[in-house]
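> Give the three-dimensional model of this entry:
(one chain, ligands or ions: 2)
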Amino acid sequence: MGKIIAISSGKGGVGKTTVAANLSAALAQEGKRVLVVDTDIGLRNLDIVFGVQSVIVYDVTDVYENKIALLDACYHFPAYGDLYFLPASQAIDKEDIEEEKFYDMIKAAANQFDFVVLDCPAGIETGLKNAIRTADVAVTVVTPDMASLRDADRMLQVAEACNVKEIYVVINKFNRKLVRKKLMPNVDEILNRLGAPLLGIWCFEDRMVQFQNRGELIVTDSRRKCVKEIKNSAKRLMGEQVPIKIR
Ligand SMILES: Nc1ncnc2c1ncn2[C@@H]1O[C@H](COP(=O)(O)OP(=O)(O)OP(=O)(O)O)[C@@H](O)[C@H]1O
Ligand SMILES: [Mg+2]
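Numbering: from 1, shown residues only. Ligands and ions are numbered 1, 2, ... in the order given. Okay, the predicted model is just below:
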């Protein structure tokens with residue numbers, strides 16, 4: 001049975017979709033069979049990040065309604081390895097999702113993959129809860145600012161209430177220069193506040209938006225400074241001991 005990983009945050013815009021896409025591709029590049037599911041029902045974005053927004057036919061609801069088999073509804077990206085993507089529905093709202101059918105679909109998917117990665121919606125309401133209650137692992141994405149940390153705190157309470165077994169933090173859009181000038185909280189301050197172990201520190205990357213607008217994943221370009229840490233985060237998720245450099 002594969003691991004189900006919910007990429008969540010509480011606060012919007014901190015990088016959940018970015019982390020879900022690049023971490024999934026990095027796991028696939030390591031030889032894992034990976035399904036990434038957009039669970040941001042009604043506000044999907046992962047299709048744009050993968051560059052398939054104009055060709056979407058099937059989505060999550062078609063699969064849990066048994067209109068089509070999971071693999072037939074997914075996009076396969078052989079360029080990244082064994083990586084599959086299932087889009088979210090745009091036609092319904094988060095509140096309208098059939099919770100039990102969605103739960104059963106995600107659990108069944110875990111029988112076919114090494115990792116099922118869920119790109120969760122912002123907030124701590126129904127949409128997040130539906131996703132997180134299926135998860136074995138919650139990866140909480142935070143940016144180094146107080147609003148993100150406070151919302152992540154609330155998100156972690158939801159994960160604990162849903163008995164998620166493992167919880168990690170990805171610090172995204174990190175800027176070492178600003179930390180040195182004490183204009184951003186440092187890594188220790190963030191981790192002490194959240195009380196969860198670190199999966200990775202992903203620096204602010206000027207070209208991130210450019211890559212996403214082109215429908216390309218930054219993890220494919222090893223010249224970009226955040227890529228080594230994205231790959232190391234994937235290795236840590238796979239259980240490898242890769243030290244985190246905190247200068
Ligand atoms: N490490 C990074 N460096 C620079 N920009 C980033 C980084 N990570 C994400 N971004 C940018 O931040 C914006 C928000 O990212 P993303 O859509 O992944 O956030 P989100 O948490 O999924 O948002 P939402 O809550 O709306 O779903 C995007 O424009 C993305 O390109
Ligand atoms: Mg998103």
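> The longest helix anywhere in the chain: what's the following helix or strand?
When the chain is scanned for its longest helix (criterion: DSSP state H), the result is helix 146-161. Past helix 146-161, further along toward the C-terminus, the next helix or strand under DSSP states H and E is strand 166-174.
> what sits up against that next one?
By C-beta atoms under 8 Å, 6 or more residues apart in numbering, the list of residues contacting strand 166-174 from outside reads 14-15, 18-19, 136-144, 152, 156, 159-160, 184, 187, 190-191, 194, 196-204, 233, 236-237. For the C-beta atoms, the positions are set from N, CA and C on the backbone; glycine is no exception.
> Please repeat the previous calculation with a cut-off of 7 Å.
Strand 166-174 has contacts (C-beta atoms under 7 Å, 6 or more residues apart in numbering) with 14-15, 19, 136-144, 156, 159, 187, 190-191, 194, 196-204, 233.
> all strands for this protein, in order.
3-8, 34-38, 75-76, 83-86, 115-119, 137-142, 166-174, 198-203 (DSSP state E).
> Out of the ones you listed, the one nearest residue 57 is which?
Ranking those by proximity to residue 57 (C-beta to C-beta) places strand 75-76 first, at 9.6 Å.
> name the helices or strands packed onto that closest one?
Judged by 3 or more C-beta pairs under 7 Å, 6 or more residues apart in numbering; DSSP states H and E, strand 75-76 is in contact with strand 83-86.
> The strand it packs on - contacts with which helices or strands?
Checked by 3+ C-beta pairs under 7 Å, 6+ apart, strand 83-86 has helix 16-29, strand 34-38, strand 75-76 packed alongside it.
> so how far is the longest one from its chain's centroid?
When distances are taken as C-alpha atoms, centre = their mean, to the nearest Å, helix 16-29 is centred 7 Å away from the chain's centroid.
> Tell me if it is near ligand 2.
Yes - against ligand 2, helix 16-29 shows contacts by C-beta under 5 Å from the ion at 16, 17.
> does ligand 1 sit close to that helix?
Yes - legend: contact between helix 16-29 and ligand 1 by C-beta under 6 Å from any ligand atom is shown at 16, 17, 18.
> Please list all residues in contact with the first one.
The one in question is residue 16. Neighbours of residue 16 in contact, by C-beta under 7 Å, 6+ apart: 7, 8, 9, 119, 120, 141.
> Quick one: neighbours of residue 147, just the number.
Using other C-beta atoms under 10 Å, residue 147 is surrounded by 12 other residues.
> do residue 39 as well
Neighbour count of residue 39, defined by other C-beta under 10 Å: 27.
> if you skip the residues just before and after it, what's nearest to it?
residue 131 (4.3 Å; C-beta to C-beta, 6 or more residues apart in numbering).
> Surely the one you found and residue 38 touch.
No - with contact defined as C-beta atoms under 7 Å, residue 131 does not count as touching residue 38 (10.2 Å).
> Is any residue of the helix or strand bottoming out on mean pLDDT in the chain near ligand 1?
Ranked by mean pLDDT, DSSP states H and E, the helix or strand of the chain with the weakest confidence is helix 176-180, at a mean of 90. No - against ligand 1, helix 176-180 shows no contacts by C-beta under 6 Å from any ligand atom, the least distance being 12.9 Å.
> How about stretch 120-132?
Yes - using C-beta under 6 Å from any ligand atom, stretch 120-132 comes into contact with ligand 1 via residue 122.
> Pull out the buried residues from that stretch.
120, 121, 122, 123, 124, 126, 127, 128, 129, 130, 131, 132 (16 or more other C-beta atoms under 10 Å).
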